[in-house]
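# Fold the following.
(2 chains)
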Amino acid sequence: MAPPPDRRRPIKRAAISDQQRRREVALRLQADRRSDAQNRARQLASSVLSLGPEPATEPEVEPEQEMSEASGQLAGRSDLDPVRAARLRGPEVRKWFARQLMLPEWMVDVPPSLDRDWYVFTRPSGKRCFVVSSNGTTISRLRNGSILHRFPSNLPNGARTKDVSGPASSYSILDCIFHEPDETYYVIDMVCWRGYSLYDCTAEFRFFWLNSKLSETGASDSPSQYHRYRFNVVQIYECNLAGLQASYSGQVPYVKDGLLFFNKHAHYQAGNTPLALVWKDNVCSQYVLDTDSKGQIPPQQQVVLELQNDGNLTTSDDPPVALGSLSRDLIAQSGLRVGNLVRVAIKDERMRLVDGKLDLGELQLVGKANHSRAFADTYSKVLFQHAARHAPLRIEDLVASIQSNSSMDNSQALDVEMEG
Amino acid sequence: MALEVTQILLNAQSIDAATRNHAEESLKQIQEQNLSAFLLSLSAELANNNKPIESRKLAGLILKNALDAKELHRKNDLAQRWLSLDLATKTQIKTSLLQTFSSPVSDARSTAAQVIAKVAGIELPHNQWPELIGSLLSNIHQVETHVKQATLETLGYVCEEVDPQVVDQEQVNRILTAVVQGMNATETSSDVRLAATRALYNALGFAQANFTNDMERDYIMRVVCEATQSSDVKIRQAAFECLVAISSTYYEKLAPYMQDIFNITSKAVREDEEPVALQAIEFWSSICDEEIDILDDYRSEYTGDSDVPCFYFIKQALPALVPMLLETLLKQEEDQDQDEGAWNIAMAGGTCLGLVARTVGDEIVPLVMPFIEENISKPDWRGREAATYAFGSILDGPSPGKLAPIVNVALNFMLAALSRDPNNHVKDTTAWTLGRIFEFLHGAAVETSVITQENCQQILTVLLQSMKDVPNVAEKACGALYFLAQGYEDEGSVSPLTPFFQDIFQMLLFVTHREDATESNLRTSAYEALNEVVRCSNDETAPIVMQLIPVIMLELHQTVEAQKLTSDERDKQNDLQGLLCGCLQVIIQKMGSIEGSKYAFMQYADQIMDLLLKVFASRNATVHEEAMLAIGALAYTAGPNFAKYMPQFYQYLEMGLQNFEEYQICAITVGVVGDLCRALEDKILPYCDGIMTQLLKNLSSNQLHRSVKPPIFSCFGDIALAIGENFEKYLVYAMPMLQSAAELSAHAVSQDDEMLEYTNQLRNGILEAYSGILQGFKSSPKTQALVPYAAHVLQFIDTMYGGREMDDAVMKSALGVLGDLADTLGSHVGPLISQSSSSKDLIEECMVYDDPLIRESAEWAKLAINRAVSG
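A predicted model of the protein is given here:
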């Protein structure tokens, strides 16, 4: 039996070997990762360029259908292309911005080595926002992408004044909370300074840089003609007993809203991260329990979830966690669409933790969520809120955790405060 | 000054190894001492009728090898060497060669014909030896048939060696005239007629002009068709080979002849001897190839048409063609499935039927169904096998909508046949057909899959059971499982395979350990199926995949430890190591990509790395390549933690980069350097001197396969992006290389698609290097170091833009580089970019491009440039 001619593959023989496929997959992955790496390098600049001083379109209310399409599209892409971000409008801007901010998870149990690996500080009550200074303007944007203020500031290139320290186009990005009562931006993180990216730096380094650099600029000065709002740093503590105590019950010039914990070794990571945590109780926050759309604390816990096309209701985690579902009839009756954020109430007695996984039991539809919401609740928030109503994680638990750590390790260094 | 070489040449073929080695050594010495004398002696030996045929043949062979080699650089060296010999020597050798034609010994003539063609291949493009074709053609009119035969053979070889462009049309006409005359039925010598027919096969590429002339084409076609009716089987075979070649080279000229050709081929398929029948089937397969290509072009979104119109020959011939092919399916040979290299009428017929299905789609189904229904339950296994084979062959082409109802009915029957048919051929083909069903009618891309949650379990049970069958059936069952799993690759957590992972792995591992696993490619298929099942694992099944790791590692460990193997055992060992490394690679990639399993997986990283390093002790290319790919995957998964393996791994990385001969390894290793850069980032710095040195060496070598060069440039970009401004010290070496390669590739005139594709790969590599370097230096105080190169980079893009041959990938990379230039160098290059009108045009043009990725790149470039110009 003669072999087949070179160019003719017998139909029963495989077209390509798995080895060839492995080789091709490896090459394709390498090419993809190269372009990812290059895109990341371009991302920072691009996001600032496109959202810089030229008037950006305010987020506008769009027809529901478009909104659900947009969020569907975006949900599919975990890493949004920065170039595309430049063209985003309305609800897309919100999604994009939220992806740039590092979002702490809610603390549902105490991480190990809290005292060794974490910082703690008192979270100012107010609006979380990104502040970008570049080309003579400073712009702050809320988590939902809308512009909060456009103003001159003493931040680098934040006002049209002579700045000798670098090119006018270099930009700085700060992660802040705007505190209404004293009209002050409290800086809780530094993402970029004079064009130098701090995304890939540890929290330890970012806080050091924040403390040493911000003071150089006069950004903490009282407001003036070319400096509309004051920027203050918050006092950051090592999370040992004294630090925890100071941040929990110490005096601060702002209204407290819980405690924030940052892992010292974590990079600035856009999106939800367990390496930054938020914790609250009634002593350090006025807003422990979630309010409903009228600002009242409802008798039953309510959560905001996103409606998926299979009827499931999911959190905003990546990947989303399904916590329940709505029947097709109900969806049809209430005119909901895929991608809508819906507010549902939990019948407390039915909600339980099974093997550490949340089982919400029967859900009662309350209605569509407030339109300014860009996101569903996260899994950790639902858990925390549930715990807060039933068996809250108390300050004593945090203290006990630190004490048990330090009793195991007596060589624990003395309290070191960040020099502010 | 001819040397006496006869005895040495005879000794070189001695059965005694010592004598042979000694003779080979002597030949080498003579060649090194005096090349001219050596070649002269060889040609004299070949021409001398008094010498023994053995020494004459070897003399010719050595002469031929002194003129040509497979590797391109060696081929060029040998051609240069020949051209630089003195004229008298060359003339003398050529005269001897031509004299050999009159030899009564046919082997000597045939050898001389091949050597002459090699000389012609070197000299004709340099306008040397212009009298060759004339003097060959003057032989044609000689009476002696053996001279005539040798001359035609030589003309055929010359046509094979030489590019059509170097022979002028007038000479082409004379060659074709001589060849076609030799083929004519009036030629009484069948040796001459056979040599002429074979010569025409090679000369067809020269006949472009003649095929556009109706009269000449008619004549050539008539002679070829007549030759298919010769009483000599070799002539008939050669004539059909000509028809096959014509079908692909002159498809658009065939219409007037198709009716005759159909009659000729179908008679040959039904009645003629196998080698002839195979070529007759091949004619139709080749027509299918052409029409599939043309119809693909019609469907492609870019052009929407094709240079060549489709004549729909297959569609027209369908009612007669399909029955003819179905008949061939019943001509199976016993045991054909045990022989991997087998090729016979039934196999060729099924292969052609498959191509016909791809050409015409739905229309084939009603023509094949009656045959299947009639034969599928015949008592004779041939009927059952042929029916199943026909079914399997037509599954690619017709729409799933057309096939799904039939498959739904057939599936249970197939599963029963696979478990219970008494004949191995039937089971073999049934398992293969199931695989085809899964490949084409199941998976995310198919709207309504024929596989459901319910029948999936039944299918799996039967497939796993069949893996215990004879090796060829078990191999096909593994192949079927491969495609079943592939359909679930994107399925996520709801894959119906989930409950069976443990059973599947157990069975596949059992198969790999079968005593007869090396037969019928069984072990390879089992590992390939295993890989595919791993690829479609998910959060839920990851723990089961994790259990596989120690098992695979143990197996690999055993192969590494095995010692004192015979060469046959060594080969099998190498195959196995390659498979195990491949399997590890797939597991690493998969476990690394599932967030929940990454951490648990990393527990094994030390051990895996340890093993892979040991595997490099093997000297086998495939094993190296697989181990290298596995390490690349591990580096990506481990990230910066991979740094701890670098001290030990580095030597093998360097070895891979130095492997010019097995350039696939070199290419893979270059890719792994990229993986390492992304994993280690600046921790790769200590190794960069060594890596860069080797990469620069590779680029300047003319021995390295050219396909490795574009990835090396891209790799510069990877390194620069990883180490940032530390790349500064390499600029002085890397930039001139990039510049000269850019210069070459920007001005490259691409004669053919292959060259164009390579040129674009090269351009893309260069642009990726520029991007990486620019981005790496961003925000560094050393950006100034790049300013002097900016003008050249812009000019490179300008030239390419002017040349209008950029493909989409190059365009996107070029836009990226424009943006990066502006972003990194800012006001230093702002004016320069504004002056470059083609940059502006390129960006504007791409802003309205269809491809969103290109539009986005254009917008990025525009933004960055605006900022550079205004800042």
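
# Quick check: the residue of the stretch 651-800 of chain B nearest chain A.
B:Gln775 (4.2 Å; C-beta to the nearest C-beta). (Glycine included, C-beta is placed from N, CA and C.)

# So A:Leu142 versus A:Arg230, what's the distance?
For A:Leu142, the distance to A:Arg230 (C-beta to C-beta, to the nearest Å) stands at 19 Å.

# scratch that, B:Ala227 is what I was asking about
97 Å.

# Tell me which of the two has more neighbours.
B:Ala227 (26 against 19; other C-beta atoms under 10 Å in any protein chain shown).

# The closest residue to that one other than its chain neighbours is in what secondary structure piece?
Once flanking residues are discounted, B:Ala227 sits nearest to B:Ala239: 3.5 Å by C-beta to C-beta, 6 or more residues apart in numbering or on different chains. Per DSSP states H and E, B:Ala239 falls inside helix B:233-249.

# just B:Leu463 next, same as before
helix B:453-466.

# Quick check: nearest residue in space to residue 326, chain neighbours excluded?
You didn't pick a chain, so chain A it is. In space, A:Leu326 is closest to A:Gly311, 5.5 Å off (C-beta to C-beta, 6+ apart).

# That was the other one, I meant chain B.
B:Leu326's closest residue in space is B:Phe371 (C-beta to C-beta, 6+ apart), at 4.8 Å.

# Could you check the helix or strand harbouring the one you found and say which residues are buried?
According to DSSP H and E, B:Phe371 maps onto helix B:364-375. By neighbour count on 16 or more other C-beta atoms under 10 Å in any protein chain shown, the buried set for helix B:364-375 is B:364-365, B:367-368, B:371-372, B:375.

# And for stretch B:645-652?
So for stretch B:645-652, counting by 16+ other C-beta under 10 Å, buried means B:645-646, B:649, B:652.

# got any ranges where the chain has weak pLDDT?
Reading this off chain A. Within chain A, the set of residues satisfying pLDDT under 70 comprises A:1-4, A:40-99, A:162-170, A:348-357, A:371-372, A:406-420.

# look at chain B instead
Those would be B:1-2, B:301-306, B:491-493, B:750, B:871, if you go by pLDDT under 70 across chain B.

# What segments of it are strands?
Using DSSP state E, chain B contains no strands.

# Centre-most residue in chain A?
Central residue of chain A (C-alpha atoms, centre = their mean): A:Leu103, 2.2 Å from the mean position.

# returning to that earlier point: with only the CA atoms kept, save the helix holding B:Leu463 in CSV.
Below are the C-alpha coordinates for helix B:453-466, written out as CSV (Å, rounded to 0.1, in the frame of the first residue of the first chain):
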residue,chain,number,x,y,z
GLN,B,453,-27.2,16.4,29.0
GLU,B,454,-29.1,13.1,28.6
ASN,B,455,-27.2,11.4,25.8
CYS,B,456,-23.8,12.7,26.9
GLN,B,457,-23.6,10.2,29.7
GLN,B,458,-24.5,7.3,27.3
ILE,B,459,-21.9,8.5,24.8
LEU,B,460,-19.2,8.7,27.4
THR,B,461,-20.0,5.2,28.7
VAL,B,462,-19.6,3.8,25.2
LEU,B,463,-16.5,5.8,24.4
LEU,B,464,-14.7,4.9,27.6
GLN,B,465,-15.7,1.2,27.1
SER,B,466,-14.2,1.3,23.6
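
# For the residue lying closest to B:Met546 once chain neighbours are set aside, grab the count of nearby residues.
Distances taken as C-beta to C-beta, 6+ apart place B:Ala600 nearest to B:Met546, at 5.9 Å, with adjacent residues excluded. Using other C-beta under 10 Å, B:Ala600 is surrounded by 14 other residues.

# What of the one 5 residues further on?
A count of nearby residues for B:Ala605, using other C-beta under 10 Å, gives 17.

# and if you look at B:Asn726?
B:Asn726: 18 neighbours (other C-beta under 10 Å).

# my read: it touches B:Asp682, true?
Yes. With contacts counted by C-beta atoms under 8 Å, B:Asn726 reaches B:Asp682, the gap being 7.3 Å.

# quick one on the thing from earlier: tell me which strands and helices the helix holding B:Ala239 is in contact with?
For helix B:233-249, the elements it packs on are helix B:190-203, helix B:214-227, helix B:258-271, helix B:274-299, judged by 3 or more C-beta pairs under 8 Å, 6 or more residues apart in numbering or on different chains; DSSP states H and E.

# At the contact with chain A, which residues of the stretch 501-650 of chain B appear?
Neighbours of chain A within the stretch 501-650 of chain B, by C-beta under 8 Å from any C-beta of the partner chain: B:524, B:527-528, B:531-532, B:578, B:582, B:585-586, B:589, B:622, B:625-626, B:629, B:632-633, B:636.

# Just the ones of those in helices?
B:524, B:527-528, B:531-532, B:578, B:582, B:585-586, B:589, B:622, B:625-626, B:629, B:632-633, B:636 (DSSP state H).

# Look up how far chain A lies from the closest residue to B:Leu85 other than its chain neighbours.
Spatial nearest neighbour of B:Leu85, chain neighbours left out: B:Ser36 (5.9 Å); criterion: C-beta to C-beta, 6+ apart. In this view, B:Ser36 and chain A are 38 Å apart by C-beta to the nearest C-beta, to the nearest Å.

# Looking at the stretch 201-350 of chain A, which residue is nearest chain B?
For the stretch 201-350 of chain A, the residue closest to chain B is A:Pro319, as judged by C-beta to the nearest C-beta, at 8.7 Å.

# what kind of secondary structure is that residue in?
A:Pro319 carries the three-state label coil when classified by DSSP: H, G, I helix; E, B strand; the rest coil.

# Over to A:Arg8?
coil.

# In which helix or strand does the residue nearest to the centre of chain A reside?
strand A:102-106.

# Mind listing the strands that strand pairs with, and their directions?
Here strand A:102-106 is paired, per DSSP bridges, with strand A:271-279 (parallel).

# Who are the contact partners of B:Asp289?
B:248, B:355 (C-beta atoms under 8 Å, 6 or more residues apart in numbering or on different chains).

# give me the number of residues near B:Asp335?
12.

# any idea how far B:Val615 is from the closest residue to B:Ala562 other than its chain neighbours?
In space, and not counting its chain neighbours, B:Ala562 is closest to B:Gln573: 6.2 Å by C-beta to C-beta, 6+ apart. Per C-beta to C-beta, B:Gln573 is found 11 Å from B:Val615.

# what about those two, which has more around it?
B:Val615 (24 against 18).
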